[in-house]
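> Provided below are the primary sequence and the corresponding predicted coordinates.
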Amino acid sequence: MKIRKMKPDDMGRIVAITKAAWGDDTLHKLMEDRYGIIGNESWDQRKADEIESLCRKNPANVIVADENGRVVGYASFTIDADSRIGHVLDNAVDPEYQGRGTGTAMNKWVLDRFGSEGVEIVRVSTLVHDKAARRMYEKNGFEELARTIHYSMRLANDMKGL
């Protein structure tokens, strides 16, 4: 397996991996479970649109795991040069390739990049119930800092304009 920077023609696989891998581990799915289809677009398409936008805006900060010419995972990140904080963003591994160290290898690549860029602190966020992501981050030296509660509500038509 090789970790490399994303190429424009990787976008189709990145979107496919997003749809296959995220499932219950995204707020988009949790919102759909609670409210049904939102805005005529399924959760996986909204998440795929979000990832595609992120990749197009900053392709230099997206890497892929390539196994024999097939993209099997991706990871994205940002670096704030002023604060020297690196932020691990979205990442996923094709379910057929999970459990083989792909996520860990991509995480190591990002951490090495952060180190070469002078990053001092690295942060990442994941949902509490995303046990696989939490295990991987903790295995790689991350420590829990804080928990966040996500609230939602359906805005009734008679409440609009308050």
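Sure, I can see it.
> from here on, contacts and neighbour counts on C-alpha atoms
Noted.
> for stretch 112-127, output the C-alpha coordinates as PDB.
Extracted in PDB, the C-alpha atoms of stretch 112-127 (Å, rounded to 0.1, in the frame of the first residue of the first chain):
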ATOM      1  CA  ASP A 112       4.700  13.100   9.700                       C
ATOM      2  CA  ARG A 113       3.600  16.000   7.500                       C
ATOM      3  CA  PHE A 114       2.500  18.000  10.500                       C
ATOM      4  CA  GLY A 115       5.900  17.400  12.100                       C
ATOM      5  CA  SER A 116       7.700  18.600   8.900                       C
ATOM      6  CA  GLU A 117       5.500  21.700   8.900                       C
ATOM      7  CA  GLY A 118       6.300  22.700  12.500                       C
ATOM      8  CA  VAL A 119       2.900  21.800  13.900                       C
ATOM      9  CA  GLU A 120       3.000  21.600  17.700                       C
ATOM     10  CA  ILE A 121      -0.600  20.400  18.600                       C
ATOM     11  CA  VAL A 122      -2.800  18.100  16.600                       C
ATOM     12  CA  ARG A 123      -6.600  17.900  17.000                       C
ATOM     13  CA  VAL A 124      -9.200  15.600  15.600                       C
ATOM     14  CA  SER A 125     -12.900  15.200  16.400                       C
ATOM     15  CA  THR A 126     -15.100  12.100  16.100                       C
ATOM     16  CA  LEU A 127     -18.400  11.000  17.500                       C
END
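> distance between it and the chain's centre?
Mean-position distance between stretch 112-127 and its chain equals 14 Å (C-alpha atoms, centre = their mean, to the nearest Å).
> ok, and for it, which residues are buried?
Within stretch 112-127, the residues that count as buried by 16 or more other C-alpha atoms under 10 Å are Phe114, Val119, Val122, Val124, Ser125, Thr126, Leu127.
> just stretch 15-27 next, same as before
By neighbour count with 16+ other C-alpha under 10 Å, stretch 15-27 contains the buried residues Val15, Ile17, Thr18, Lys19, Ala21, Trp22, Asp25, Thr26.
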